[in-house]
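1. next come a sequence and a model predicted from it.
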Amino acid sequence: MRIPQFWTILSIFTLFTSFVACGGQIQEKPIAGCERISGTPGPEDFDLIRDASIVVVSSHERRNGLKDIGALYEISFANPNQKLEAKKIETNYPENFRPHGISYAKVNGVDTLAVISHTLVDENPHTLEIFERSKPGKWTHIKTLSEPSLTSPNDIYMNELGEIFTSNDNGTSNSFRKYWDMIIRSGRADVSYYDGKTFQTLGVPVMLGNGIYIRKNGKQELLYRSVFSEKAIRVYEVNRLDGKLQLKYLESIQIGAGPDNILEDDTGMLWLAAHDSTYKFIRHVMNRTNLAPTRVFKINPNTKEVTEVYANEGAEISAGSTGLVYKDKLLISQVFENFLLVCPKP
């Protein structure tokens, strides 16, 4: 549904005044030898299939009023001597497929993808689309999940049990209420949890939730959630009692920029991209010639040390949304343009 111009203007004004000022120049931290992997419109999120050395990319052209339909792409890292290319996954995509957050897991021994889709259909404006892989390169869409708790899903995490944790960035799909919440700084964006049969909200609402990731620390299960408005990652302990799941807030890790998607590398370090200036991000939304900074951080989950590994004003890549080191490469995605950036491991 098309948002009236008045509310579009109001949302821009609200974001501009609420979170960050216009934003000065960032201190760039370049990596020599970065190259583009072209052919993926708006590759906002990706996940890694480690045993196959494949990155699966969620791609959607988000300009043009969200009219375009999206797709998934694969990038193979199996052959170090082969040029990295994005190949579109040809499958039975569901109707109105506009992918956003994506998560991979081997569920009951089967390679499985869970993907957020913004259908723009009034009855179910947001869905979770589930795909399974029967053989290399062959994915099949098997089911659609929809539920009122998917108020404005942004990022998603799925585990090997088939449980799905979805981070909403707003507490509603209603445009008026969404902008009103921003004006009064109301935190209503909760986490929606799917146990394989039913959905529930987990009672941890924030203002502008974003990336979500779960990792185990010994016997402890920890959930990490980006909170854009706080420029921080919130950390929760996942407690499973009497068949019910609850989150206990532990602490926040300050990033100093608006964090986006979160992933884990092979050594246990957490990686994320972050947006330094909301004002510049919004200007980039409106026109691709307006650059928006990209910053990539590494977090040691044991010491909570945050290290910036890459920073660019936007000329090399604007509005970076996901970052991850895999093998000898750093892969960075972004929200709008038609490529990913691959750099030597920093």
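-> Looks like it came in fine.
2. correct me, but Met158 touches Tyr193?
-> No. Under the criterion of C-beta atoms under 8 Å, Met158 lies out of contact with Tyr193, with a separation of 11.2 Å. Heads up, the C-betas are built off the backbone N, CA and C, glycines and all.
3. measure how buried Ile299 is and give me the count.
-> When neighbours are defined as other C-beta atoms under 10 Å, Ile299 has 21 of them.
4. state the phi and psi torsions of Leu66.
-> When read as degrees, to the nearest 10, the backbone of Leu66 gives phi 60, psi 20.
5. give me the local confidence score for it.
-> Per-residue confidence for Leu66 comes out at a pLDDT of 79.
6. about what we covered before: when Met158 and Tyr193 are compared, which one has more neighbours?
-> Using other C-beta under 10 Å as the criterion, Met158 and Tyr193 rank with Met158 on top: 24 against 19.
7. hmm, Ile37 is touching Glu74, no?
-> No. With contact defined as C-beta under 8 Å, Ile37 does not reach Glu74; the gap is 11.3 Å.
8. common neighbours of these two, please.
-> Residues touching both Ile37 and Glu74 comprise Ala86, with contact defined as C-beta atoms under 8 Å, 6 or more residues apart in numbering.
9. looking at this, Gly65 is in a helix?
-> Yes. Residue state for Gly65 (DSSP: H, G, I helix; E, B strand; the rest coil) corresponds to a helix.
10. what about it, neighbour count?
-> Here the number of neighbours of Gly65 (other C-beta under 10 Å) works out to 9.
11. can you check Asp169 too?
-> 21.
12. quick check: closest non-adjacent residue to it.
-> Sequence neighbours aside, Asn154 is the residue nearest to Asp169 in space, at 4.1 Å (criterion: C-beta to C-beta, 6 or more residues apart in numbering).
13. returning to what we had before: between Met158 and Tyr193, what contacts are shared?
-> Overlap between the contact sets of Met158 and Tyr193, as judged by C-beta under 8 Å, 6+ apart, is given by Ile164, Phe165.
14. re the thing from before, could I have the CA atoms of the strand or helix carrying the residue nearest to Asp169 written out in CSV?
-> Assigning secondary structure by DSSP states H and E places Asn154 in strand 153-158. These are the backbone C-alpha positions of strand 153-158, laid out as CSV (Å, rounded to 0.1, in the frame of the first residue of the first chain):
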residue,chain,number,x,y,z
PRO,A,153,9.8,-8.0,10.6
ASN,A,154,13.4,-6.9,9.9
ASP,A,155,15.8,-9.8,10.7
ILE,A,156,15.4,-13.4,11.5
TYR,A,157,17.3,-16.3,13.2
MET,A,158,16.5,-20.0,12.7
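15. hang on, Ala105 packs against Ile156?
-> No. With contacts defined as C-beta under 8 Å, Ala105 does not count as touching Ile156, sitting 10.7 Å away.
16. those two: which is more packed in?
-> Comparing Ala105 with Ile156 by neighbour count (other C-beta under 10 Å), the higher total belongs to Ile156, at 28 against 20.
17. you'd agree that one is up against Ser117?
-> No. Counting by C-beta under 8 Å, no contact exists between Ile156 and Ser117, whose distance comes to 10.6 Å.
18. point out where the stretch 51-200 of the chain drops to low pLDDT.
-> Per-residue confidence for the stretch 51-200 of the chain (pLDDT under 70) gives these ranges: 171-188.
19. go again with 50.
-> Counting by pLDDT under 50, the low-confidence segments of the stretch 51-200 of the chain come to 180.
20. how about the strands in it?
-> Residue ranges of the strands in the stretch 51-200 of the chain, as given by DSSP state E, counting those that start in this stretch, are 54-59, 71-76, 86-88, 99-107, 110-118, 126-135, 138-145, 153-158, 164-168, 191-194, 199-201.
21. possible to save those as CSV with distance to Ser277?
-> What follows is the strands of the stretch 51-200 of the chain, written out as CSV (distance: least, C-beta to C-beta, whole Å):
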stretch, distance to Ser277
strand 54-59, 24
strand 71-76, 28
strand 86-88, 28
strand 99-107, 22
strand 110-118, 25
strand 126-135, 27
strand 138-145, 35
strand 153-158, 19
strand 164-168, 22
strand 191-194, 27
strand 199-201, 31
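22. closest one to Leu223 among those strands?
-> Each of these was checked against Leu223 via C-beta to C-beta, and the shortest separation belongs to strand 164-168, namely 6.9 Å.
23. partners of the closest one in the sheet?
-> In the sheet containing strand 164-168, its partner strands are strand 153-158 (antiparallel), strand 191-194 (antiparallel), by DSSP bridges.
24. Three-state assignment for Asp266, please.
-> With three-state DSSP as the basis, the three-state label of Asp266 is coil.
25. Gly24: how many residues sit nearby?
-> The local packing count at Gly24 equals 7, with neighbours defined by other C-beta under 10 Å.
26. revised request: answer the last question for His275.
-> His275 - counted by other C-beta under 10 Å - has 27 other residues nearby.
27. cool, Leu66 as well?
-> Using other C-beta under 10 Å as the criterion, Leu66 is surrounded by 16 other residues.
28. which ones are touching it?
-> Leu66 sits next to Arg98, His118, Leu120 when contact means C-beta under 8 Å, 6+ apart.
29. you'd agree the first one is up against Ile69?
-> Yep, that's Arg98 we're talking about. Yes. The pair Arg98 and Ile69 passes the contact test of C-beta under 8 Å, sitting 6.6 Å apart.
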